[in-house]
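Participant: here is a sequence with its predicted model. Questions after.
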Amino acid sequence: MVKFGSRSGVIPDSLRMILDMDTDEDKLKDKLRRGGPGRRADMTRPLKNRKIFWLYKHWWGNKNDFIWRDHRGTAELTWDYVQTLKPECDLDSNVVDAYIELLKVRESISGLEPTAKKFFFNFSFFVQLLLIDYCKDLKAHPEAELSDVQLAGLHSLYNSYAVQRIGPSLLDCDFAFYPCCNDAHWFLFILDIKQHKLLLIDPLAEWGDSLKSIYSRYIYAMECIVPAMLHYLDPSRFDGHKLKVHFVQERPMQSNTHDCGVYVFKYMDVILNGISLRDAVWEPVLGIWTFRYRIAWELSKGLARRINDYGIQQRNRGL
């Protein structure tokens, strides 16, 4: 059986051997750790030791010329990048983008069609905005005082990020996820496109004037540039008026300085499973280690684990 996500697009012999290693004792232990059928897709369930061993041996072993690509060639990881998935490492933006590609594929499967449609932005969206300096004057309209060439460049940027290779276009979605990184710290914006509501979820900091100052250019991009983008794409639906960011207070928070990227993934995972962040609970050390292992394992297979039946029911209820 061919799986994407490995170096060649085929399961390596070493991984194939491990997948065939399930003894009756392994299956019994896994059943006990699962806690029943409802936890088969639970990211809090510990990964099997033999799978963790495979990760340390083949992904996190001695440095080599390892290169991972997803099956569409849209994401690529080198040996250095995958090292950042190990516990107590700062997550690399390339790993974030690669895992988002897996989420896009999972969201496109038939079992999730009745639920709200999601759009996932890569961090490169903000890199482009900041690199070209469209967030220079935070008090002006994003398209004010731009030359014709600059305006054409901004509109080209709008068009290039209005579609995703897998899944619906931005205008056809209900929600959009924007993972951001400022000075090695990750946080998450979520845009309710239909309700014109903008949320900011930060795993470490509390809301206040200092945070507004630190994130000023990102907040400007979300409050001003994104509405301008939606207005450009469909002026009949969107008036381009400025949004106001709302900070999510009730959410699990990290207990160190290097798990922010994993927490952003965890926030998305919880929300995509139909669970409210205020009800989400996980162990801040071992639980996050487990989540790192599971992200690495899913990337090694090139496939995000399915959302369980309970999660689909919750999503269908609009939670």
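Facilitator: The structure has been received and is ready for your questions.
Participant: touching, residue 197 and residue 227? I think so.
Facilitator: No. With contact defined as CB atoms under 8 Å, residue 197 does not reach residue 227; the gap is 12.0 Å. Yep, even glycine has a C-beta here, placed from its N, CA and C like the rest.
Participant: what touches both of the two?
Facilitator: Overlap between the neighbourhoods of residue 197 and residue 227 consists of residue 243, taking contacts as CB atoms under 8 Å, 6 or more residues apart in numbering.
Participant: higher neighbour count, those two?
Facilitator: Set residue 197 next to residue 227 and count neighbours by other CB atoms under 10 Å: residue 227 wins out with 20 against 14.
Participant: make sure residue 188 is indeed in a strand.
Facilitator: Yes. Residue state for residue 188 (DSSP: H, G, I helix; E, B strand; the rest coil) corresponds to a strand.
Participant: all strands for the stretch 201-319 of the chain, in order.
Facilitator: Along the stretch 201-319 of the chain, counting by DSSP state E, counting those that start in this stretch, strands occupy 245-247.
Participant: how about low-confidence regions in it?
Facilitator: Residues of the stretch 201-319 of the chain that meet the criterion pLDDT under 70 lie in 308-319.
Participant: helices of that one, residue ranges please.
Facilitator: Secondary structure of the stretch 201-319 of the chain by DSSP state H, counting those that start in this stretch: the helices cover 209-214, 216-220, 226-233, 260-272, 286-301, 309-316.
Participant: how far does the third one sit from the chain's center?
Facilitator: In other words, helix 226-233. With CA atoms, centre = their mean, to the nearest Å as the basis, helix 226-233 stands 22 Å off its chain's centre.
Participant: helices or strands next to that helix in the packing?
Facilitator: helix 148-160 (3 or more CB pairs under 8 Å, 6 or more residues apart in numbering; DSSP states H and E).
Participant: list the contacts for the closest residue to residue 84 other than its chain neighbours?
Facilitator: Nearest non-adjacent residue to residue 84, counting by CB to CB, 6 or more residues apart in numbering: residue 92, 4.3 Å away. Shown in contact with residue 92 (CB under 8 Å, 6+ apart): 80-81, 84.
Participant: next one: residue 92, what pLDDT does it get?
Facilitator: Reported pLDDT at residue 92 in the predicted model: 92.
Participant: neighbours of residue 123, how many?
Facilitator: Using other CB under 10 Å, residue 123 has 17 neighbouring residues.
Participant: my error: substitute residue 84 in the last question.
Facilitator: So residue 84, with other CB under 10 Å, has 20 neighbours.
Participant: got it, and residue 160?
Facilitator: Applying other CB under 10 Å, we find 11 residues neighbouring residue 160.
Participant: how far away is it from residue 154?
Facilitator: 11 Å (CB to CB, to the nearest Å).
Participant: cool, and residue 254?
Facilitator: Distance, residue 254 to residue 154, by CB to CB: 35 Å.
Participant: isn't residue 99 right up against residue 296?
Facilitator: No. Using CB under 8 Å, residue 99 is not in contact with residue 296; the gap is 9.5 Å.
Participant: in space, what's closest to residue 168 - neighbours in sequence excluded?
Facilitator: Residue nearest to residue 168 in three dimensions, not counting chain neighbours: residue 117, with 4.9 Å by CB to CB, 6+ apart.
Participant: with residue 67 instead?
Facilitator: Distance criterion CB to CB, 6+ apart; nearest residue to residue 67, sequence neighbours excluded, is residue 78 at 5.8 Å.
Participant: for that neighbour, grab phi and psi.
Facilitator: With angles defined as degrees, to the nearest 10, residue 78 sits at phi -100, psi 170.
Participant: equivalent analysis for residue 77, please.
Facilitator: Note on residue 77: its backbone torsions stand at phi -130, psi 130 [degrees, to the nearest 10].
Participant: got it, and residue 67?
Facilitator: Main-chain torsions, residue 67, degrees, to the nearest 10: phi -140, psi 130.
Participant: who touches it in this structure?
Facilitator: Contact analysis of residue 67 by CB under 8 Å, 6+ apart lists 7, 76-79.
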